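>>> show me how the following folds:
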Amino acid sequence: MKRLRNVKIVATLGPASSDYETIRALFEAGADVFRLNMSHGTHEETRARHAIIREVEREMERPICILADLQGPKLRVGTFARGEEDLEDGQTFRVDLDPAEGDAQRVCLPHPEIFQALEPGVALLVNDGKIRLTVDRCGADFADCTVVAGGTISDRKGVNVPDVVLPLAALSAKDREDLEFVCNLGVDWLALSFVQRAEDVEEGRALAAGRAAILTKVEKPAAVTAYDSILAASDGIMVARGDLGVEMPVQDVPPIQKRLVRGARAAAKPVIVATQMLESMIDSPMPTRAEVSDVATAIYEGADAVMLSAESAAGSYPVEAVETMHNVAVSVERDPTYREVVEASRRVDRASVADAIVSAAREIAEATEIKAICCFTHSGTTAALVARERPQVPIIALTPLIGTARRLSLAWGIYCVLTGEVERFKMAVVSAARAARTHEFAEATDQIVVTAGIPFNVPGSTNILRVAPCDERLIFSGDPE
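The predicted structure is shown next:
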């Protein structure tokens, strides 16, 4: 199925979208990637959803990408004797390691690692920041705080500590179990939560052991600060605006989003913009104008993908949410201003032959009547470099590896085609011409650009470019090889 857009759509599966009919409808409506949220559901439910996606993939004869999103460590307060208490602005409130039920003066915070990092002046945010505390005095097992923003605090509400790097591993025991399960299941991307440093990414990569590509969720201030090293250690990035908006001033999130997107794009690594994109569609068949504008902004910025969370997982209108996102993307990409913005934001340090080859491919395609850029790839590197250029013509990635095709389905503008192994560049050109015609990107009278690496099967070796006709007879007659 050819999409009429380049940006990809990630749809989260959940109670509202777990059956075959809905998952197929989501794909037909425009979903390119399905997200399995490991914070919810059992392993058996995840296995069943994975099997349905692969069934849809076989029937539609299109590679479908699956992203498993690990929960990460969850920091929560304990319980209250009365279930909840009201905290007033200016009052004192203690958090400690005492497991006794809480009251209006204190509650257990069963995370010794937090107390190791606390110091006076640090903020504690409870229940997505609705309640804000400032630490006045602290020790190894307690923190006396002033309530800066009061409200109702209740059992097991989440806690954020934005001002310090916590001595916590990004992967909890549950995450390690989930990671092994989904990697053995055969997911294509693994999203890591609670990342604070590049070492967290390397830990996840070591455990995945090449079974899935690593997508880092940037959701903490520490990750924003260490973004360059985290990006270098990652295969892709998710801008997780929900937690960023809790732990940082909300007015800082839009410029941070722009910087993260541009950084990932310059590194030729896919970047997803996520959280609250069409949130009103959880309960309404129509989004707000502000939400539509928000989705459009991410697309104008050059994001590889935009994501639906509860809208498709638990909402009343999952298919309509995907259709809405698809329609917004098509409209934005037809706007002449979109090309101006994308091209103005192109920032690439062309330091290799591969960089120069893909840049030349884009320039040739834009200066002539080229119908598509076709790239042979095993690892996905060549196709990712072409996608970084954001060309005006379609990108056809030809690969003999289904895993590569699935992973590339997350990247901007890439249409993946499975092909046989090739040993000679001429046969690669022939395969590219056939694919362009078969999938209706070009006709026999048209021309395409073909890029590849010689010798074949060596990742990152892109070193050859050819402008070729789509008529194979002309390919053979015009080349003495």
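>>> contacting residues for V393?
A365, E366, I370, K371, A372, I373 (CB atoms under 8 Å, 6 or more residues apart in numbering). To be clear about C-beta, it is placed using only N, CA and C from the backbone, and glycine gets the same treatment.
>>> among those, who's most crowded?
I373 (29 neighbours; other CB atoms under 10 Å).
>>> how close does that one get to E443?
Counting by CB to CB, to the nearest Å, the gap from I373 to E443 is 17 Å.
>>> and L207, by the same measure?
On the measure of CB to CB, L207 and E443 end up 48 Å apart.
>>> more neighbours: which of these two?
Using other CB under 10 Å as the criterion, L207 and E443 rank with L207 on top: 16 against 11.
>>> contacts for the helix or strand where that one lies, please.
If you go by DSSP states H and E, L207 is part of helix 198-208. Contact with helix 198-208 is made by 70, 169-171, 176, 179-180, 183, 190, 192, 194-195, 214, 216, 226, 229-230, 232-234, as judged by CB under 8 Å, 6+ apart.
>>> in that helix, what's buried?
Across helix 198-208, burial judged by 16 or more other CB atoms under 10 Å covers A198, D200, V201, E203, G204, R205, L207, A208.
>>> for D155, state which of those residues is nearest.
D200 (29.1 Å; CB to CB).
>>> give me the neighbour count for L179.
Neighbours of L179 (other CB under 10 Å): 22.
>>> so what secondary structure elements neighbour the next helix or strand along the chain from the helix holding L207?
As assigned by DSSP H and E, the chain's next helix or strand after helix 198-208 is strand 213-218. With contacts taken as 3 or more CB pairs under 8 Å, 6 or more residues apart in numbering; DSSP states H and E, strand 213-218 sits against strand 189-192, helix 198-208, helix 227-233, strand 236-240.
>>> now strand 213-218, how far from the chain's geometric center?
If you compare the mean C-alpha spot of strand 213-218 with that of the full chain, they lie 7 Å apart, counting by CA atoms, centre = their mean, to the nearest Å.
>>> one more: stretch 352-366?
Mean-position distance between stretch 352-366 and its chain equals 26 Å (CA atoms, centre = their mean).
>>> same question for stretch 239-257.
Relative to its parent chain, stretch 239-257 has a centroid offset of 16 Å by CA atoms, centre = their mean.
>>> and that stretch, how far apart are its ends?
Using CA to CA, to the nearest Å, the end-to-end distance of stretch 239-257 comes out at 7 Å.
>>> ok, stretch 98-108 next?
Stretch 98-108 end-to-end distance (CA to CA) = 6 Å.
>>> how about stretch 164-183?
End-to-end for stretch 164-183, by CA to CA: 32 Å.
>>> can you give me the strands for the stretch 1-150 of the chain?
Ranges of strands in the stretch 1-150 of the chain, per DSSP state E, counting those that start in this stretch, are 8-13, 33-37, 65-69, 84-87, 92-96, 106-108, 123-126, 131-138, 142-149.
>>> tell me the one of the buried residues of helix 198-208 nearest P63?
The closest of the buried residues of helix 198-208 to P63 turns out to be A208 (CB to CB; 19.7 Å).
>>> my guess is L97 contacts P110. True?
Yes. Using CB atoms under 8 Å, L97 makes contact with P110 at a distance of 6.7 Å.
>>> what is in contact with the two at once?
Taking CB under 8 Å, 6+ apart as the criterion, L97 and P110 do not both touch any residue.
>>> can you pull the domain assignment for the chain?
The chain resolves into domains spanning 8-73+170-338, 84-160, 353-477 when parsed by automatic domain parsing.
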